[in-house]
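Peer 1: output the structure for:
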Amino acid sequence: MIIIILPPILQMRKLKHNNLTKDIAKARLRKHDVGTKFSQCLSTKYSVLLPLLIKEGKIHLLFTVRSKKNGAMITPVVGFIDSSFQAQPNPHEVSEVFLMPLEYFLNPRTHFSFHSTIFGHHCLVHCFDYKNPQNQAIYQIWGLTARFALLTALIVLQKRPSFDVEYDLNDLISSSERFFVKIHRTVKSKL
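Peer 2: Predicted coordinates:
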């Protein structure tokens, strides 16, 4: 499930190619917007922002390395930020900020997956190791963060990944909803 929150006014000082890429990505995301369909779920809810930006003509995902909260409904919120954005994280909450090409989630240099049981359901857990060319640091994106990033890449780029996924690539919205609803029902029944 993807809920899209886009800023009402976007600065239009971008290259024509970047606007085309952004416009296509927005249209693809809007097509998969579920709106308030799951708003009645769990009273404890959180959102995860998946900020996209265009850098060197390609779509990137901005990540922060921080702590996560568990045991709640987490909704991915996808939106574009201006390519001139400069992160100013609170060092008590965020230790690092880095960019990662969205394409990497479909054609990673290092990817592995394993089956795990989450709330009684067998799931495929994806793990991506990414070496940042800026500082040579290696980051591992896995679990729910990897699932949301992978789903965003599948929707925006509309390409097949170089590895197996649990989603029906011909019906992403239904197959992703089935997974999240299945997990939600199990969590809700244990509360």
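Peer 1: which residues touch residue 149?
Peer 2: Taking C-beta atoms under 8 Å, 6 or more residues apart in numbering as the contact definition, residue 149 lies against 50, 61, 102, 105, 128, 141. For the C-beta atoms, the positions are set from N, CA and C on the backbone; glycine is no exception.
Peer 1: number of residues surrounding the third one?
Peer 2: Same thing as residue 102. Here the number of neighbours of residue 102 (other C-beta atoms under 10 Å) works out to 21.
Peer 1: equivalent analysis for the second one, please.
Peer 2: Other residues within reach of residue 61, judged by other C-beta under 10 Å, total 24.
Peer 1: isn't residue 127 right up against residue 146?
Peer 2: Yes: Residue 127 is within contact range of residue 146, at 6.5 Å (criterion: C-beta atoms under 8 Å).
Peer 1: of the two, which one has the most company?
Peer 2: Here residue 127 and residue 146 are compared on neighbour count by other C-beta under 10 Å; more neighbours surround residue 146, at 18 against 15.
Peer 1: the more buried one falls within a strand, correct?
Peer 2: No: secondary structure assignment places residue 146 outside any strand; it is helix (DSSP: H, G, I helix; E, B strand; the rest coil).
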